[in-house]
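J.: model this:
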Amino acid sequence: MKDKKNKENLTQTEIEKFRTLLWEKRNELLGNVSHMEKDVMKDDNSELSHVPIHMADLGSDSYEQEFTLELMDSERKLIIEIDNALRRIEEGTYGVCEIGGEQIPKARLEAIPWATCCVACASSTEKMNAKRNESYGKYGYLNEIEDDEDSDIDDVKKVS
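T.: Numbering: from 1, shown residues only. Predicted coordinates for the structure are as follows:
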């Protein structure tokens with residue numbers, strides 16, 4: 001097995017630069033999440049709370065709240081990835097592909113400082129995930145099962 005310690009490719013100065021980038025991005029995301037939380041959980045005791053609301057406005061508000069919650073979840077996941085990258089810096093494994101064990105190119109780390117693998121391994125992983133998503137439907141069921149369910153609905157329509 002390859003030694004996953006990053007000693008030859010990144011200099012200590014470069015590692016410190018990436019550490020700084022990661023901390024800056026982490027702090028930015030935490031600020032974003034905090035701001036979004038305040039917006040989503042805002043008090044309904046405003047002056048406008050007594051004004052009649054149109055049903056379409058309620059739908060828009062609900063959509064915006066759901067969108068914000070999903071964005072917050074996405075940003076929290078990115079914070080976890082950044083925390084993991086900071087841990088890899090401390091362990092001395094930062095910049096090493098977790099799948100293949102080779103050095104992640106500096107250009108990739110500059111673009112995505114929390115990257116866990118090289119482009120080739122990331123591409124392979126994405127292709128495998130895409131194939132899995134083709135096999136499984138939106139809700140995690142095999143597409144064949146979904147097709148059977150659709151045919152059952154058609155059978156019920158014919159009987160009616």
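J.: Can you pull out the low-pLDDT segments for the chain?
T.: Counting by pLDDT under 70, the chain has low-confidence residues at 1-8, 37, 39-61, 137-160.
J.: Now do the strand or helix carrying R76: which elements does it pack against?
T.: With elements taken from DSSP states H and E, the one containing R76 is helix 55-91. Contact partners of helix 55-91 among helices and strands, from 3 or more C-beta pairs under 8 Å, 6 or more residues apart in numbering; DSSP states H and E: helix 12-40. Where C-beta positions appear, they are placed from N, C-alpha and C, glycine not excepted.
J.: Any buried residues in the helix it packs on, and which?
T.: In terms of neighbour count (16 or more other C-beta atoms under 10 Å), helix 12-40 has its buried residues at I15, F18, R19, L21, L22, K25, R26, L29, V33.
J.: which residues are in contact with the helix or strand where E110 lies?
T.: In the assignment (DSSP H and E), E110 maps to helix 106-111. The contact list for helix 106-111, computed with C-beta atoms under 8 Å, 6 or more residues apart in numbering, reads N9, L10, E14, F18, G95, A115, C118, V119.
J.: Out of those residues, give me the one that has the most neighbours.
T.: G95 (24 neighbours; other C-beta atoms under 10 Å).
J.: burial count for A85?
T.: Other residues within reach of A85 by the criterion other C-beta under 10 Å amount to 23.
J.: Confirm for me that it is in contact with W23.
T.: No. With contact defined as C-beta atoms under 8 Å, A85 does not count as touching W23 (10.3 Å).
J.: do you know how far the residue nearest to Y94 when sequence neighbours are not counted is from T68?
T.: Of all residues not flanking Y94 in the chain, R88 sits nearest, at 4.2 Å (C-beta to C-beta, 6 or more residues apart in numbering). In this view, R88 and T68 are 31 Å apart by C-beta to C-beta, to the nearest Å.
J.: Which one of these two is surrounded by more residues?
T.: Here R88 and T68 are set side by side on neighbour count (other C-beta under 10 Å), and the busier one is R88, at 20 against 14.
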